[in-house]
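A.B. asks: What shape does this take:
(chains A and B)
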Amino acid sequence: MVTLASDKEAFIAQYDQSKDHLPGSDIAWLAELRAKNIALFEEIGLPTGKTELWKFTNLNPLKKQAFSSPSIKGKVSANSNELPRLLEEGSSYRLVFIDGHYSADLSDDGLPSGVSLQSLSSVITAGATDLEASIIPREREEEQPLVALNTALMSDGYVLKIANDVSIDLPIEILHFGGGKAEQSYHNRNVISIGSGSKVTIIENVTDRSDNVYFSNSATEVFVGENATLHHYRIQASNKTAFLVSSTEAVVNKGASYDSFLLNTGARLSRTETNVSLVAENSSCHLNGAYMGTDDQHCDITTRVDHKSPHTTCDEVIKGVLGGKARGVFQGKIIVHELAQKTVGNQSHRAMLLSERAEVDAKPELEIFADDVICSHGCTSGQIDGEQLFYLRSRGLSSEQAQALLVNAFLADAVEAVQNDSLKDLLLVKIADWLEQNPN
Amino acid sequence: MLEIKNLHAEVDGKSILKGINLNINKGEVHAIMGPNGSGKSTLANVLAGRDDYDITEGSVLFDGKDISELEPEERAGEGIFLAFQYPVEIPGVTNTTFLKEALNAQRKYRGEEELGGMEFVKLIRSKTKELGIKDDMLKRAVNVGFSGGEKKRNDILQMAVLNPKLAVLDETDSGLDIDALKIVAEGVNKLRAENNAILVITHYQRLLNYIVPDKVHVLANGKIQRTGGKELALELEEKGYADYSGEAA
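C.D. replies: Sure thing, here's the model as predicted:
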């Protein structure tokens, strides 16, 4: 029998050791919430291949790795020069997390009025007012043991609140900079709440400064108020030993829009889960993304959209490119509830396999309980087209150049969905860089 | 410029070319005509270096250099251009990007300096003007949504920009109506020069009304059966390929 370093018991032991030091241990409702969630986690355990939602993603590589207790807020150190910026200084408000901890010193100030951005730890220290309502138990919490673990162990994160009718011109860039110490785990909890009629762009940049193994298990609760728009972009370009699990739960109100894009190139294993509830008329979401994997990387993108009201729309375009022994997983569920007439839901996932040992599993699911809807889904996977390759080579491009051009074109198509032009350019550069570094 | 000696080639283990001899000099236009299945397209693909087209015997010299072991991109760099029977669509790659990458890859191969943005734009503008091609074609993805005629013209534009020593036109007339055929032929004629050569591969004589060859070869059963002047094409148009079918000697 193999002894696993990070099995269920190890995480429970972590909780037992740290519960008295976790932020808010003196706040009754919070301590109770943590206790309840560790009990839930204990009951369900870590997902295995028998768990339907985790059928294609095996957490064994994670279980074999020991992780230390989440460090309690101590000194956060990093040289500000080594911190990457996605957008030029002055063209975004940057919030910095180092190894899971918020750093006020390294973050930009001067946020416009109507915007409140605080770290979770400071919100808790200040008494955790309003927080309880923001981290109400999710629907189907029994299906989300890692979110339960997050709730039990969360020690930092961000709470972003935008008042009504505020449009922020510059994006908010959130840097999650990990890898400072080996074998650490971070359980960040974030809350994003956008007031009615407001408009904001958030770009999360998940990256690191070393090849250290770490485990980031984050959870984010999103509320998009009436007629508000949230562009929520996420770039996961961590090292290839990291474990990145994130779960975003978004509730989108009347006339509002949740627009997301994920670019994933990093991690030994990543699982990026997004659940969207379109709860009122004319709410919509875009769940787009592109992923690239090589070596033994595993990239799982799982989405669920609940159409709970009439006239709601969702669009989902995900593209992936896999080389080496990399594995991609796409699970996309669209549920059209009985009330949700006139729903439009379109989903597409296309994967390109660059090597014989790369693999992709796709599970699109449509569950439709209304009778007047337009829904489509399509999943394809295939290799680079030999005719296209020969055509390009016959004009002088090397085989590698031709392949890079074709893969780039394939992925660039997914990036078209991004509305922020400077970010779009940046994503294209990241894709081109990846192709240069990973000729496969 | 091109010397093909006793060329034998097979595709998927099947012998298609069975001893081709052909010499093309600078400034010449040659036509290869023949019935379906005679090996015409195989010859074009063997010259361009397509995978799975294996030379089993003989040699292909280009400017005195044996090219039979070269990769397709190396042959392109040497100055061989294949105009495809069915030009391929490349979604997401604009004509401009494609042309620039191709031209600079070839220049790099030849040890020439790569062209910068402005120089390239200047070159491409002069070529589109010369061929009467609208600039908006440059912004479109390579051949995507192009009509049959547009695809062929796009190949001719590539040829004009890349300026090969030898252009091989593989059934360029297929799928073209007479107007499109004339436009494409006009484009090819504009590119005729003392320093380059053209090999036209076709089933029908009509293309040769517009691109007038210096020599016409009849290819059947994997061998050149007869060589003559442009009048040979007219004779074939009249009599068909009946004389060359069967196991001709």
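A.B. asks: mind listing what the spatially most central residue of chain B touches?
C.D. replies: Centroid check for chain B by C-alpha atoms, centre = their mean gives residue B:168 as the closest residue, at 1.8 Å. Residues in contact with residue B:168, defined by C-beta atoms under 8 Å, 6 or more residues apart in numbering or on different chains, are B:44, B:47, B:48, B:80, B:81, B:82, B:83, B:198, B:199, B:201. All C-beta spots, glycine's among them, are computed from the backbone N, C-alpha and C.
A.B. asks: Output the one helix or strand it maps to in CSV, but only the C-alpha positions, please.
C.D. replies: Counting by DSSP states H and E, the element that carries residue B:168 is strand B:166-170. Output of strand B:166-170 as CSV, limited to C-alpha atoms (Å, rounded to 0.1, in the frame of the first residue of the first chain):
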residue,chain,number,x,y,z
LEU,B,166,11.0,27.5,-62.0
ALA,B,167,7.2,27.6,-61.7
VAL,B,168,5.3,24.3,-62.0
LEU,B,169,1.6,24.9,-62.7
ASP,B,170,-0.3,21.8,-61.8
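A.B. asks: Output the below-cut-off pLDDT ranges for chain B.
C.D. replies: Scanning chain B for pLDDT under 70 picks out B:245-249.
A.B. asks: For it, which segments are assigned as strands?
C.D. replies: For chain B, the strands defined by DSSP state E occupy B:2-11, B:14-24, B:29-33, B:53-62, B:65-66, B:80-83, B:90-94, B:141-142, B:166-170, B:197-202, B:215-220, B:223-228.
A.B. asks: Let's have the ones you listed in TSV, adding distance to residue A:16.
C.D. replies: Converted to TSV, the strands of chain B look like this (distance: least, C-beta to C-beta, whole Å):
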stretch	distance to residue A:16
strand B:2-11	70
strand B:14-24	73
strand B:29-33	83
strand B:53-62	69
strand B:65-66	75
strand B:80-83	71
strand B:90-94	53
strand B:141-142	59
strand B:166-170	74
strand B:197-202	79
strand B:215-220	84
strand B:223-228	86
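A.B. asks: which stretch among these comes nearest residue A:391?
C.D. replies: Residue A:391 lies closest to strand B:90-94 among the strands of chain B, at 7.0 Å (C-beta to C-beta).
A.B. asks: So which bits of the closest one are buried?
C.D. replies: B:90, B:92, B:93, B:94 (16 or more other C-beta atoms under 10 Å in any protein chain shown).
A.B. asks: Let me know how buried whichever residue of the stretch 1-150 of chain A sits closest to chain B is, in neighbour terms.
C.D. replies: In the stretch 1-150 of chain A, the residue that lies nearest chain B is residue A:88 (22.9 Å; C-beta to the nearest C-beta). Other residues near residue A:88 come to 8 when the count uses other C-beta atoms under 10 Å in any protein chain shown.
A.B. asks: Tell me how far it lies from residue A:173.
C.D. replies: 10 Å (C-beta to C-beta, to the nearest Å).
A.B. asks: Surely residue A:158 touches residue A:102?
C.D. replies: Yes: assessed by C-beta atoms under 8 Å, residue A:158 is found in contact with residue A:102 at 6.9 Å.
A.B. asks: For the stretch 151-300 of chain A, give the residue positioned nearest to chain B.
C.D. replies: residue A:290 (12.6 Å).
A.B. asks: Can you tell me the element the nearest residue to that residue once chain neighbours are set aside falls in?
C.D. replies: In space, and not counting its chain neighbours, residue A:290 is closest to residue A:414: 4.3 Å by C-beta to C-beta, 6 or more residues apart in numbering or on different chains. Per DSSP H and E: residue A:414 is located in helix A:399-415.
A.B. asks: Only the buried residues of that helix, if you could.
C.D. replies: For helix A:399-415, the buried set under the neighbour-count rule, 16+ other C-beta under 10 Å, comprises A:401-415.
A.B. asks: Kindly indicate which of those lies nearest chain B.
C.D. replies: Nearest to chain B among these: residue A:409, at 2.8 Å, using C-beta to the nearest C-beta.
A.B. asks: Which per-residue confidence value corresponds to the closest one?
C.D. replies: Turning to residue A:409, the model gives it a pLDDT of 92.
A.B. asks: Isn't it up against residue B:98?
C.D. replies: No: Residue A:409 is beyond contact range of residue B:98, at 9.9 Å (criterion: C-beta under 8 Å).
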